[in-house]
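1. Okay, sequence plus prediction incoming.
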Amino acid sequence: MKRVFSGMQPTGVLHLGNYLGALKHFIPLQEEADCYFCVVNLHALTVPRDPEELQKKTVELAGLYLAAGLDPEKATLFVQSHNPDHAEAAWLLQCVARIGELKRMTQFKDKGKGSDSVSAGLFTYPALMAGDVLLYQTDLVPVGEDQKQHLELTRDLADRFNRTYGETFRIPEPQIGKTGARIMGLDQPERKMSKSAASEANYITVLEHPDSIVKKFKRAVTDSGNEIRFDPDQKPGVSNLLSILSVLTDKPISTLEEEYQGKGYGHLKLDTAEAVIEELKPIQDRYHKLVQSGEVEKVLADGAERARAVTEATLAEMKKAMGLIPRR
Ligand code: ATP
Ligand code: MG
C-alpha cells in the first residue's frame, strides 16, 4: 500500500485554491493508500501570529478536513506539534540542507521580500517540510503547484542523506493535478490565490456564504475583451475561471471553450460561482454540525498517536545514522 502525506497551514482561511489544489485530492487517496494529513501549525509560526487565533484556526482546519470527506477510520488526521518528531527531524535536516539551496526557494523570496527582519524559521521552513514528508517514508505528496520546488528540495535532501549516511528515506513523488493546481487570485489573476493575500477579494473561502461567492465572482478581474478562451498569459482572469469550472464540472477546458463561444464573461462568472456554491454547500453543512459535536479534538488525539507510531522508527534511524547515541 502506498504511503501518502500532505499538510496545510492553519492560517487565514482555507480557500478555493487550497481546496481544488490539495484537499479535494486527499479524499479519493484515502480509499487506496495509507494516508497522513497534517495541520502544519509549526509552519504557521514562520510569520507572526496571534496565539489565540492560531489555536482556533488549528481546530477549524481539522474540522474542514473532516467536513470535506476525510474519514478518520481510513486516514490519519493530526496536528504537527502533537508529534514532536517533526521538529526534531527538522533540526537534523537543517544540518543537511545548504544555505544556497534555501536561498533559491521562490516562496522565501516572495514572503521574505528581501527583508533581514523576517524570522529564521521562514528561511529554514523547507527543511521542516522535508522532515514532515520523509518521516513517514512517503511515496506520494498531493500538493498545489506552488509546492513543487519545496518537494524537489525534499527529494534532494533525502537523496543527500541516503548517500551520506546510508539508505534511510524513501524518495517521495509530488502529485500535482493537471487542472486546479494553481488557482489564481480573483482580484489579481497574475498571482496565486493565497491565504496571506492583502484583500478579501482575492479568495473564496471554503466557508463563504453563497451571496458573497456570487458577489466576488461578479467582481473577478478579467480583461476588457469578450472572447472566452484559455490563455493564461493573455487572459489570466478568464483562464482562471475556466480552470475552476473545469475541475468542478469534470469537463475539459476545450469543451467549456466551445460551450461559451459567443457568450459574455458575465455568464461564465455566474456559472462558475454556481458550481463553487454547489461544491461547497455539503462541506459547509457538515462543518457546522461537526464543530458543535466536539468530535474534532478526539480525532486529533487519536491521530497524533498513530502518526508518532510511524515516525518513531524513521527518526531513530536518522539519529543513529548521523551518530547520535540512543539514551539508556
Ligand atoms: P500562504 O500563502 O500563507 O502560504 P497558502 O494559501 O499557500 O498560504 P498553504 O497552507 O501554504 O496555503 O498550502 C496548502 C496547500 O494548498 C498546498 O498543497 C498548496 O500547494 C496548496 N495551494 C495553495 N495555494 C494554492 C492555489 N492558489 N491553487 C492551488 N493550490 C494551492
Ligand atoms: Mg503556501
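-> Structure's in. What do you need? Numbering: from 1, shown residues only. Ligands and ions are numbered 1, 2, ... in the order given.
2. okay, CA-based contacts and neighbour counts for the rest of this
-> Fine.
3. SS state for Arg182?
-> Arg182 falls in the coil class when you classify it by DSSP: H, G, I helix; E, B strand; the rest coil.
4. For it, which non-adjacent residue is spatially closest?
-> Nearest residue to Arg182, sequence neighbours excluded (C-alpha to C-alpha, 6 or more residues apart in numbering): Glu145, at 5.7 Å.
5. That neighbour: what's it in contact with?
-> By C-alpha atoms under 8 Å, 6 or more residues apart in numbering, Glu145 lies in contact with 21, 176, 181-182.
6. Run through those residues and flag the ones next to ligand 1.
-> When C-alpha under 6 Å from any ligand atom is applied, the members of the contacts of Glu145 adjacent to ligand 1 are 21, 181-182.
7. Gly131 is in contact with Pro84, isn't it?
-> No - contact criterion C-alpha atoms under 8 Å: Gly131 and Pro84 do not qualify, at 11.3 Å.
8. Those two - which one has more neighbours?
-> Neighbour totals were compared for Gly131 and Pro84, and Gly131 leads with 26 against 13 (other C-alpha atoms under 10 Å).
9. tell me which strands and helices the strand or helix carrying that one is in contact with?
-> Per DSSP states H and E: Gly131 is located in helix 120-134. When contacts are defined as 3 or more C-alpha pairs under 8 Å, 6 or more residues apart in numbering; DSSP states H and E, helix 120-134 packs onto helix 85-94, helix 99-103, helix 106-112, helix 148-165.
10. Need the mean per-residue confidence for the shortest one.
-> By that I understand helix 99-103. Confidence over helix 99-103, taken as the mean pLDDT, stands at 97.
11. can you check the third one too?
-> Over the span of helix 106-112, the pLDDT mean works out to 92.
12. This structure: helices as residue ranges?
-> Counting by DSSP state H, the chain has these helices, from start to end: 16-18, 24-32, 41-44, 51-67, 85-94, 99-103, 106-112, 120-134, 148-165, 210-218, 236-249, 253-259, 265-293, 295-322.
13. just the angle between the last one and helix 265-293, please?
-> So the one you mean is helix 295-322. 90 degrees (axes from the mean of the first three to the mean of the last three C-alpha atoms, to 10 degrees).
14. quick one, helix 295-322 and helix 85-94 angle?
-> 30 degrees.
15. Provide the count of other residues in contact range of Glu279.
-> Glu279 has 15 nearby residues by other C-alpha under 10 Å.
16. Could I get the contacting residues of the residue nearest to it when sequence neighbours are not counted?
-> In space, and not counting its chain neighbours, Glu279 is closest to Leu248: 7.4 Å by C-alpha to C-alpha, 6+ apart. Shown in contact with Leu248 (C-alpha under 8 Å, 6+ apart): 275-276, 279.
17. TSV please, covering the contacts of Glu145 and showing distance to Lys269.
-> Shown next, in TSV, are these (distance: C-alpha to C-alpha, whole Å):
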residue	distance to Lys269
Gly21	20
Ile176	25
Ala181	20
Arg182	18
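18. Output those as a markdown table; include the columns neighbour count and pLDDT.
-> As requested, the contacts of Glu145 are exported to a markdown table (neighbours: other C-alpha atoms under 10 Å; pLDDT from 0 to 100):
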| residue | neighbour count | pLDDT |
| --- | --- | --- |
| Gly21 | 25 | 97 |
| Ile176 | 21 | 97 |
| Ala181 | 25 | 95 |
| Arg182 | 24 | 97 |
